[in-house]
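> Requesting a structural model of the entry that follows:
(one chain, ligands or ions: 1)
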Amino acid sequence: MAGWVTTGRGLTTVSSNGETSVRKLRILHLYPEIMNLYGDRGNLIALRARCRWHGIEPIVEEACLDDPVEFTDLDLVVMGGGQDREQRLVARDLAGPRGWRLGNAVEEGLCLLAVCASYQLLGVSYVTAAGETLPGAGIFDLTTEPGRGRLVGHVAVAVGKEGRVLAGFENHGGRTFLGPGGKPLGRVIRGYGNNGCDGQEGAVYRNAFGTYLHGPVLPANPWFADHLLALALERRYGTAGLRPLDDSRERAAHAAVIRESLVDARRRRRERRRSDREEQATFPENQEAI
Ligand code: GLN
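Coordinates of the predicted model:
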């Protein structure tokens, strides 16, 4: 029977029939050069660091448009945000074998985190600001279309029954709407989320997570980083076995983002009140109606 041992170097090892080996996780950063906005690369830095602190050996690889990828060997795939121009290239890539191979791997339980532009492209379709429809990989049941103005600011999102809070930064022109098979990642507390209307943020399908949260999201939300690692470990080794870490710095970063989300929310309220007043001044008949 397999068991868990912590060695002198702090590495957790699995012991099976007397043999021990360090647990490893294979993590792929997909499209690192072209899909990497607002520090999304920091998600990889956080995952690598937390793996080491948990005594897991991270094997981090990168793959861009033409690099071969064997999704079945992987434990976790991470994709970042990008602009419409780059999204066109990635959409074309995902429309080929890479898209359905990634979809099959997600069906088999592969753990995945997709931020903003990547999240949009893992839906059914993405309509660019210029009105061009890009096909998505169809992993999440959602569509994205352009709206008036960009949705920008710090965000706080309640996730799961316990309402654990994810904090981050969003900047997107696309409005995402979940289809009947779509499940949101969380409920917006402050900020816009998927579309600024229905209070939903992100999407979850099996072990795949899509979100609009940059920041980067994982360094300031260590519980979410560990959730991804735990899912990947459970899938590969049958158990996660993660111990709590000293996350005081990460918690301070989280609190700072939450404070910024409050500042942004107040600023938006002030702007709304001012624009309502201006509208009333421009159309005096509105005042009579009130
Ligand atoms: N181009 C997309 C949009 O504006 C995604 C932007 C991003 O990744 N931040 O909606």
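> Please make it C-alpha for all contacts and neighbour counts, starting now.
Fine.
> pLDDT of the longest helix along the chain, averaged?
Ranked by residue count under DSSP state H, the longest helix found in the chain is helix 248-282. Per-residue pLDDT values over helix 248-282 give a mean of 94.
> cool, and stretch 101-109?
98.
> now that stretch, how far from the chain's geometric center?
Stretch 101-109 has its C-alpha centroid displaced from the chain centroid by 17 Å (C-alpha atoms, centre = their mean, to the nearest Å).
> what do you get for stretch 227-244?
In terms of C-alpha atoms, centre = their mean, the centre of stretch 227-244 is found 18 Å from the chain centre.
> Then stretch 221-232?
When C-alpha coordinates are averaged (C-alpha atoms, centre = their mean), stretch 221-232 and its chain have centres 12 Å apart.
> who touches it?
25, 46-47, 50-51, 75-76, 110-112, 166-167, 207, 218-219, 239-242, 247, 250-251, 254 (C-alpha atoms under 8 Å, 6 or more residues apart in numbering).
> where in the stretch 1-150 of the chain is pLDDT low?
Applying pLDDT under 70 to the stretch 1-150 of the chain flags residues 1-17.
> In this structure, mark out all the helices, start to finish.
Here the chain has its helices, by DSSP H, at 42-53, 84-94, 97-107, 117-121, 222-237, 248-282, 284-289.
> Can you say which of those is packed in most?
Highest mean neighbour count among the helices of the chain (mean count of other C-alpha atoms under 10 Å): helix 117-121, with a mean of 29.
> Show me what the top strand by length along the chain packs onto, helices and strands only.
The longest strand of the chain (DSSP state E) is strand 142-159. Here strand 142-159 touches strand 125-127, strand 164-178, strand 186-190, helix 248-282, going by 3 or more C-alpha pairs under 8 Å, 6 or more residues apart in numbering; DSSP states H and E.
> possible to save these as CSV with distance to Asp67?
What follows is the helices and strands packed on strand 142-159, written out as CSV (distance: least, C-alpha to C-alpha, whole Å):
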stretch, distance to Asp67
strand 125-127, 24
strand 164-178, 28
strand 186-190, 33
helix 248-282, 34
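> what residues does this protein put near the ligand?
Counting by C-alpha under 6 Å from any ligand atom, the residues of the chain lying close to the ligand are 81-84, 116-117, 171-174.
> could you measure Gly80 against Ala208, distance?
Counting by C-alpha to C-alpha, to the nearest Å, the gap between Gly80 and Ala208 amounts to 14 Å.
> These two: which is more packed in?
The neighbour count for Gly80 versus Ala208, taken as other C-alpha atoms under 10 Å, is higher for Gly80 (31 against 24).
> Quick check, the more buried one in contact with Leu37.
Yes - using C-alpha atoms under 8 Å, Gly80 makes contact with Leu37 at a distance of 6.7 Å.
> any shared contact partners between Gly80 and Ala208?
Residues touching both Gly80 and Ala208 (C-alpha under 8 Å, 6+ apart) are Ala114.
> So out of everything in the stretch 1-150 of the chain, what residue is nearest the ligand?
The stretch 1-150 of the chain approaches the ligand most closely through Gly81 (3.4 Å), counting by C-alpha to the nearest ligand atom.
> who touches the nearest residue to Glu33 once chain neighbours are set aside in this structure?
With sequence-adjacent residues excluded and distances taken as C-alpha to C-alpha, 6 or more residues apart in numbering, Glu33 is closest to Cys64, at 7.2 Å. Counting by C-alpha under 8 Å, 6+ apart, Cys64 touches 30-33.
> likewise Tyr205?
139-140, 182-183.
> Need the pLDDT of it.
Confidence at Tyr205, expressed as pLDDT, is 98.
> circling back: most neighbours among the contacts of Tyr205, which one is it?
Neighbour-wise, these (other C-alpha under 10 Å) top out at Phe140, 28 neighbours.
> Asn221: neighbour count?
Per other C-alpha under 10 Å, the neighbour tally for Asn221 reads 23.
> ugh, wrong one, Asp67
By the criterion of other C-alpha under 10 Å, Asp67 has 9 neighbours.
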